[in-house]
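> I would like the atomic coordinates for the input below:
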Amino acid sequence: MALQGLSRALVAEILDKNTYKPTDKPSWLLPIEMRFQSFNEIGERPNVTLLSTEETKARLERWCRDAFAFLGPENGDLDSHVDKLDDLLSPLMICSFLIHNQKWSRDDIIDRACTLLDRLPSHPPELPFEITGKRGQPLAKDQYAWSSLRVFSRPSTNVVRIALFLVMQRDIPVGFFSAYLDDMTTLLDTATGLFVQSSKSPVDARAWFVLQAFLWVEWHQAILIQLWCDAKIQMKTGTSFYRHSIPLAMPGRETIGEMRPDYMCKWAFQLLRTDLSSVTQDFRRIFEIYNVHFGDRASRCNLKPIPASNDSSSSGLRVCDGRAPGNCQRFESDGVQEQSAHDADCPGSACSHPTWDEQSYKSIKGARAVSLEETDEKYIRYCPVTTETMAVSHVWSHGQGGRPESGFNFCLHRRYTKLAKALGCSSYWMDSPCIPTDMDLRYEAMGQINNNFLNSRVTLLVDRDLMNISIEPCSLEAKEAIVATIIVCDWNVRAWTLLEGMRGRWNLHILCKDNHTISLRDVVNDVLAYSNLTLISPCLTLQHYIPTTDRPVEGEIPPVSIEQATCLLNHRHATKDRDVTLIWSLVCGSKLFKTSVDFWKSAVGNSLSTGFLVSSSPRLRDEHGFGWAPSRPNLLPPTASTPTNEQYPAYDGDDSVWGRITERGFKAEWLACVIGRSRALPTWLRLKYFEDDLSKGLTYNKGGTSRLNMRTLYKIRSVIAPVFKKYPLVAIMLPCTRDRGASGPGLVPRPFQYQGASKGPLLVIAGSKDDEEWEWQFVHEWDTSYQLPEFVLKELLLV
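Model prediction:
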């Protein structure tokens, strides 16, 4: 449902009020078309004064209190609150549109902006709201209707300005509106904090709630349009594996999954919701589309029987909790019979089962593909992989897995032969008929996977859920169904298929119902161009499957950084744990490594984001100089007994300070609080080199150590006491935010925020015996009810 209060007249009025008239100034002195007023500065450029943290906080609170006044009972004209809030917010954006320089006419610009704004949802996801009525009773939720709040009745002036600015032809960077979105997040946080501190009377609570809703819809609509613009840029210029680092603004995120359809795998949904491109966390439209196709199906993970409990006379089913792939039958495929799948028109029982022609396989040097013409109902025969080969990427547990020695269903060969010819190919490659059991041949074939998919004419994506989607006719609804399905399908959650999809992205086709195929790029382009804007974010989670502008030269592997590869693999599963490092190395490049130690040693001399290291990934052991390095891209091998304590997957750490991998260890600057062991509690906390670093001004939370109360001191001691059993020195560390356009910190160091879900900052704990070499211990989520000490920017060598 689109916005109800959107009108062409409103958009035209805002455009006219914000259009620069060439007669206003000399033609050579043109204004900046759009700029933002920040709460941490005053004055006009170039005479701008930066405010302190305390002064900025005071300005934010003053703005929120002014807005609250429009909503309080003392305001006699409550019907005007939407206009007054809009007037208060509008000065944060200053526009002077140069429409006389545009190829579009005024009417064209208005029409294009209206079309874009009409793709916004009528209201954002609902904020949790509970206030206390008389005698402590919760106020009934039916006393207000979220979707009918008047602050949702029309888009704000600034949202319309953003739409007008972006529909004009212009060249802007990805994330252009980040500063404005940060301000909206900060205002929402400030308003929430003031509500918590307020009297909590029903009248005041309602007023604060409406203000939160106003700021929330502003952020939500602005970020949706920003993501639309970013997606257009990335589809035009090619994928950069950019992941949005915009902080989530929506409170109560833990309730988002309650609307998840039963058939949607919980672990796959975890992959979706933790992707940095899922910044809006708005999955309402995705759930609606998914339910149309799979709403009548039960979950596929509740398959494995468990012993009856003491208080029950019957056995139950193990319900997947979504915390680990090992808890789900969609991943643990012990009960799946190899080659149990058949083509739709095959009866199965009469299907022949050709096995490999070993001599044919071994007679070919290099990668082997299945020969379309020479394979028959008895033997699979081979030919070299070429640029005319179709590479097939499928999910083993869907019944097409196997080995060439044990055979391959002939109906599947007929299917892929027909599809290969239809797509202009002369052969096809697929792991089941092309990767033997023999370990030497297996590793040889696995080392060729990158090039097989990279150089293939077409990569065919095969997943049984996608094969249920009909593309006859090929409507926008069908393409939306493909997006809603692929982001949570089994194929997208596997590590091997991630690699195959990335390498084959230049011509990735999806196998749909009745063996019809469609290009993923065409699907995404149409959804970006015409669908509800809440589908943009899911499309961005697929960006690593979208091609760059130019296809690489044959044999050339497009580089992917360790941080990017790890971010992509942090929620993806490899059935065989021994394959994890192989896949990790292949996603990064062309060289295959069997051990994590060799993988990291090959990276000596490279830079690495400090924020990337902040995770609960296990570290390398007994390898001096690399004890800080994650031993795998995902968390520990998942099982049904996955611990209930919080897990923190690794993200790319983009915008954090870079360090360098050396033969001695990882050298980088961190915000560090170094603590020495002492028996006397009052002098228990002492900082090393504090005075020298303080004189340089490179500190965070200045004066924090002197403000620590005894409760906080005991808390710090409880966290680091185990480390003191082995080391005389402990460092509590935070990664530092990188200065824009540089690899190091800014003039005023500030912590880099962990990109995943956490209520407080993630601290890195390290120990040292000599203050020269530091050994990684663990990460700890800090309870924000406790104070933090002062941190000094300090170069440390992690070994």
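
> CA atoms for contacts and neighbours, from now on please.
Fine.

> can you pull the buried residues of the longest helix along the chain?
For the chain, the helix reaching the highest residue count under DSSP state H is reported as helix 202-237. By 16 or more other CA atoms under 10 Å, the buried positions in helix 202-237 come out as 202, 204-235.

> likewise for stretch 361-375?
Applying 16+ other CA under 10 Å to stretch 361-375 flags 361, 367-372, 375 as buried.

> state the mean pLDDT of the longest strand seen in the chain.
Identified as the longest strand of the chain according to DSSP state E is strand 666-676. Here strand 666-676 scores 94 as its mean pLDDT.

> repeat that for stretch 432-439.
95.

> separation between Phe408 and Cys539?
Distance of Phe408 to Cys539, computed by CA to CA, to the nearest Å: 34 Å.

> if you count what's nearby, which of those two comes out ahead?
Phe408 (28 against 25; other CA atoms under 10 Å).

> just the pLDDT for that one.
For Phe408, pLDDT reads 93.

> SS state for it?
Of the three states, Phe408 takes coil according to DSSP: H, G, I helix; E, B strand; the rest coil.

> again, but for the one 5 residues further on
Under the three-state scheme (three-state DSSP), the conformation of His413 reads as helix.

> need phi/psi at Lys378.
phi -110, psi -40 (degrees, to the nearest 10).

> any idea how far Thr355 is from it?
7 Å.

> for Gly501, same thing?
Noted for Gly501: a distance of 27 Å to Thr355, by CA to CA.

> next up, the contacts around the spatially closest residue to Ser427 that is not a sequence neighbour.
Distances taken as CA to CA, 6 or more residues apart in numbering place Thr389 nearest to Ser427, at 4.8 Å, with adjacent residues excluded. In this structure, Thr389 makes contact with 369, 420, 425-429, 456-458, judged by CA atoms under 8 Å, 6 or more residues apart in numbering.

> got TSV for the residues you listed, with pLDDT, secondary structure and distance to Gly295 too?
Shown next, in TSV, are the contacts of Thr389 (pLDDT from 0 to 100; DSSP: H, G, I helix; E, B strand; the rest coil; distance: CA to CA, whole Å):
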residue	pLDDT	secondary structure	distance to Gly295
Ala369	98	strand	39
Ala420	98	helix	33
Cys425	98	coil	37
Ser426	97	coil	39
Ser427	98	strand	38
Tyr428	98	strand	35
Trp429	98	strand	34
Ser456	94	coil	36
Arg457	95	coil	36
Val458	97	strand	32
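
> closest to Asp189 out of those residues?
Val458 (48.1 Å; CA to CA).

> correct me, but that closest one touches Asn507?
Yes: between Val458 and Asn507 there is a contact at 5.1 Å, judged by CA atoms under 8 Å.

> how about the helices in the stretch 301-450 of the chain?
Applying DSSP state H, counting those that start in this stretch to the stretch 301-450 of the chain gives helices spanning 358-362, 410-422, 431-434, 439-447, 449-455.

> which of those helices sits closest to Gly402?
Across the helices of the stretch 301-450 of the chain, Gly402 has its closest neighbour in helix 431-434 (4.8 Å, CA to CA).

> neighbouring contacts of that closest one?
So helix 431-434 is in contact with 356, 368-370, 380, 392, 400-404, 407-408, 445, going by CA under 8 Å, 6+ apart.

> would you show me how to pick out the buried ones of these in PyMOL?
Buried residues within these, as defined by 16+ other CA under 10 Å, are selected in PyMOL through the command that follows:
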select buried, resi 356+368+369+370+380+392+400+401+402+403+404+407+408+445
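
> looking at the contacts of helix 431-434, which is nearest Trp774?
Closest to Trp774 out of these is Ala445 (40.7 Å), distances taken as CA to CA.

> give me the nearest residue to that closest one, chain neighbours excluded.
Nearest residue to Ala445, sequence neighbours excluded (CA to CA, 6+ apart): Ile435, at 6.0 Å.

> kindly report the same for Leu454.
Arg503 is the one closest to Leu454 (CA to CA, 6+ apart), at 4.6 Å.

> so how many other residues sit close to Thr49?
Counted with other CA under 10 Å, residues neighbouring Thr49 total 12.

> which residues does Glu775 form beta bridges with?
For Glu775, the beta-bridge partners under DSSP bridges are Gly767.

> could you do the one 4 residues further on as well?
Bridge pairing for Val779 (DSSP bridges) gives the partners Val764.

> list the contacts of it.
614-616, 762-765.

> which of those residues ranks first by neighbour count?
Going by other CA under 10 Å, Val614 tops the contacts of Val779 with 27 neighbours.

> from Glu781, how far out is Ile716?
Counting by CA to CA - Ile716 and Glu781 are separated by 12 Å.

> on that earlier part again, more crowded one of Gly501 and Thr355?
For Gly501 versus Thr355, neighbours defined as other CA under 10 Å are more numerous around Gly501 (28 against 22).

> if anything else comes up later, I'll come back, but that's it for now.
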